[in-house]
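Undergrad: Predicted structure and sequence below. I'll ask about it afterward.
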Amino acid sequence: MSWFKRSGGRVAPDGEAITTPGERAVEAWRALHDNCLFRIKDAFCALDGPARGSAGASLWPVSQVLAAAIDVAGLTGDQGPVGALLTGLKRYRIGGAYGPNPSVMTRYYDDNCWIALDLLRLHDRTRDPAHLAHVEEIFTFIAEGEGSEGGVFWVEEPKESLHTCSTAPAAQIALGLFRSTGDERYRSFAERCDAFLASRLRSPTGLYWDNIRTTGEVEPTHWSYNQGTPIGADVLWYELDGDVGRLDHAGVTARAALDFYGHDDGLWRQPAAFNGIFFRDLLALHNRRPDDRIVDALDSYLERAWTTARDPRTGMLLGGSIGRYDGGGTIDHAALVQLLALRAGLG
């Protein structure tokens, strides 16, 4: 059952006439706004997809909508949607962190990592100390999920598995907080995450597994976002310490991932939500050590999404058999908005 009544939206413009990444990012954001967002007073709230009768989005899609709003604001200067989404986010608040849905008490560490990373980007752009204080509060919860050997559990209860998708983003958050505060506790936490990723979650091929259970059993799937987030952490380590070995290490992961997904539509079949995180972190590496292969892969992916996945009526980028995280689609479209905006920022 939907939280909100849907209203009729506009008909999307002709996609063939929209050619630059920046124009496409703004138009894709409009499609997201018209089909998946609702305003209640001064808050934006999200549905899990554009279909009539869609349910309210959980925290994970909301985090990616917020990331999309931040990235598009970097192009347009319009911070209004960011503020409205932050207001809407309050309905998920449970203690110092956020639940997966309003009033659901069991919280996920990875969900809260994505929100904290959004807020760190906001702090970097605005220098608003309230955003940094918010990240520190969320991090207190994330740190409670650290395992006895390092690494971060996936969910508050039951604590049965430690995941790349919680450990590597948590390391990024800790490094961001260390950069802003100088508090050595954050650096130490990131070091423990780094060691756990290397010893327990990195495969012999240079790619990262999904998770390891407390029993020692490994879930070996190589999801694209799990390759991106350790790359992003390596880049942050380099920015802090100037250790080029970190860029070398990130480059090994990036090449292994691009090789792995470069065959049989491997990247296209990954959920767009995962590819959004994957390419964001690869672009962080590219900004420090330019690599045409990264940009070429991104351009190919985005062009295919725009020309084959776009619904000419709604403007949503969910067709063409593009990989999707779930049946809703808000999260996957939001990821593509992010990538279009980030690509526009490259010039």
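TA: Perfect, I can see it now. Numbers count the residues shown, from 1 in each chain.
Undergrad: can you map out the helices along the stretch 201-347 of the chain?
TA: 224-241, 244-261, 266-269, 272-288, 292-304, 330-346 (DSSP state H, counting those that start in this stretch).
Undergrad: could those go into a markdown table alongside mean neighbour count, mean pLDDT and distance to Ser203?
TA: From N, CA and C alone the C-beta is placed, and that goes for glycine too. Listed next are the helices of the stretch 201-347 of the chain as a markdown table, based on neighbours: other CB atoms under 10 Å; pLDDT from 0 to 100; distance: least, CB to CB, whole Å:
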| stretch | mean neighbour count | mean pLDDT | distance to Ser203 |
| --- | --- | --- | --- |
| helix 224-241 | 24 | 98 | 11 |
| helix 244-261 | 18 | 98 | 9 |
| helix 266-269 | 18 | 98 | 16 |
| helix 272-288 | 24 | 98 | 16 |
| helix 292-304 | 16 | 98 | 21 |
| helix 330-346 | 25 | 98 | 24 |
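Undergrad: Looking at those, spot the one closest to His123.
TA: helix 224-241 (14.3 Å; CB to CB).
Undergrad: Would you check the distance separating that closest one from the middle of the chain?
TA: Distance of helix 224-241 from the chain centroid (CA atoms, centre = their mean, to the nearest Å) equals 13 Å.
Undergrad: Same check on stretch 105-119?
TA: For stretch 105-119, the distance between its averaged C-alpha position and the chain's averaged C-alpha position is 11 Å (CA atoms, centre = their mean).
Undergrad: can you list contacts of it?
TA: Residues outside stretch 105-119 that contact it (CB atoms under 8 Å, 6 or more residues apart in numbering): 58-60, 63-64, 66-67, 70, 89, 94, 97-100, 131-132, 134-135, 138-139, 141-142, 145, 152-157, 163, 165-166, 169-170, 172-173, 176.
Undergrad: Return the subset of those residues lying in strands.
TA: Among these, the members found in strands (DSSP state E) are 94, 97-98, 163.
Undergrad: Throw the helices of the stretch 201-347 of the chain into CSV and include distance to Ala17, thanks.
TA: Supplementary listing: the helices of the stretch 201-347 of the chain in CSV, determined by distance: least, CB to CB, whole Å:
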stretch, distance to Ala17
helix 224-241, 31
helix 244-261, 31
helix 266-269, 25
helix 272-288, 23
helix 292-304, 15
helix 330-346, 16
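Undergrad: Which of these sits closest to Ser321?
TA: Set against Ser321 and scored by CB to CB, those come closest in helix 266-269, at 7.6 Å.
Undergrad: quick one: contacts of that closest one?
TA: For helix 266-269, the surrounding residues in contact (CB under 8 Å, 6+ apart) are 224, 260-261, 275, 297, 301, 304, 321-323.
Undergrad: Of all pairs in those, which one is the farthest apart?
TA: The most distant members of those, if one measures by CB to CB, are Phe260 and Ser321, lying 19.7 Å apart.
Undergrad: hang on, Leu201 packs against Glu149?
TA: No. Under the criterion of CB atoms under 8 Å, Leu201 is not in contact with Glu149, lying 11.5 Å apart.
Undergrad: now Phe274, nearest residue through space, not along the chain?
TA: Excluding the flanking residues, the one nearest Phe274 by CB to CB, 6 or more residues apart in numbering is Tyr225, at 4.0 Å.
Undergrad: now the helices: where do they sit in the stretch 1-150 of the chain?
TA: Counting by DSSP H, counting those that start in this stretch, the helices of the stretch 1-150 of the chain are 21-36, 59-76, 80-89, 109-126, 129-143.
Undergrad: To Thr214, which of these lies closest?
TA: Ranking the helices of the stretch 1-150 of the chain by proximity to Thr214 (CB to CB) places helix 109-126 first, at 14.8 Å.
Undergrad: Just the mean pLDDT for that closest one, thanks.
TA: For helix 109-126, the mean per-residue pLDDT is 97.
Undergrad: what comes up buried for it?
TA: Of the residues in helix 109-126, 109-123 count as buried by neighbour count, 16 or more other CB atoms under 10 Å.
Undergrad: Can you tell me which of the residues you listed is closest to Thr20?
TA: Of all the buried residues of helix 109-126, the one with the least separation from Thr20 (CB to CB) is Arg121, at 22.8 Å.
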